[in-house]
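J.: Following is a predicted model, sequence given first.
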Amino acid sequence: QVQLVESGGGLVQAGGSLRLSCAASGRTFTNYYMAWFRQAPGKEREFVAAISRFGVSRYYADSVKGRFTISRDNAKSTVYLQMNSLKPEDTAIYYCSADRNYEPLASKYDSWGQGTQVTVSS
């Protein structure tokens with residue numbers, strides 16, 4: 001399995017920005033699509049964004065399209081999520097994960113990090 005460690009969360013006002021990072025280890029990073037999910041209290045884990053092995057293809061949930069950007073640095077085995085124009089409804093724990101294919105369903109993933117909390121105040 002891939003080991004994943006997320007960082008970069010915090011408290012930000014609405015309209016602000018945060019950049020999340022996820023460092024991967026344990027497997028060949030370029031074998032995997034990387035994805036971000038989030039989970040708010042009392043809600044299911046939902047897809048946010050995904051990126052193909054070499055960054056050619058990117059996928060976004062409609063709720064974040066135009067505000068969030070996913071990227072990866074294969075030399076550092078790290079995936080990023082740049083979040084701009086944050087809204088209170090973006091408040092959640094953000095998790096990254098890895099799969100050999102594009103999968104927008106959280107149930108398809110086996111490896112998860114500990115998550116990083118993002119709180120957006122109004």
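T.: Cool, the structure landed. Numbering: from 1, shown residues only.

J.: Next secondary structure after the one helix or strand residue 95 maps to?
T.: Using DSSP states H and E, residue 95 maps to strand 92-99. Scanning forward in sequence from strand 92-99 by DSSP H and E, the next helix or strand is strand 116-121.

J.: Name the residues of that next one that are buried.
T.: Buried residues in strand 116-121, defined by neighbour count with 16 or more other CB atoms under 10 Å: 116, 118, 120. C-beta coordinates here come from the backbone N, C-alpha and C atoms, glycine included.

J.: Need the contact partners of it.
T.: Applying CB atoms under 8 Å, 6 or more residues apart in numbering, the external contacts of strand 116-121 come out as 6-14, 16, 18, 20, 38, 83, 86-94.

J.: Each with direction, which strands does it pair with?
T.: Strand 116-121 has the following sheet partners, assigned by DSSP bridges: strand 10-13 (parallel), strand 92-99 (antiparallel).

J.: Present the ones you listed as a markdown table; the columns should include distance to residue 60, mean neighbour count and mean pLDDT.
T.: What follows is the strands paired with strand 116-121, written out as a markdown table (distance: least, CB to CB, whole Å; neighbours: other CB atoms under 10 Å; pLDDT from 0 to 100):
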| stretch | distance to residue 60 | mean neighbour count | mean pLDDT |
| --- | --- | --- | --- |
| strand 10-13 | 20 | 13 | 98 |
| strand 92-99 | 14 | 24 | 96 |
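
J.: of these, which approaches residue 69 most closely?
T.: strand 92-99 (14.0 Å; CB to CB).
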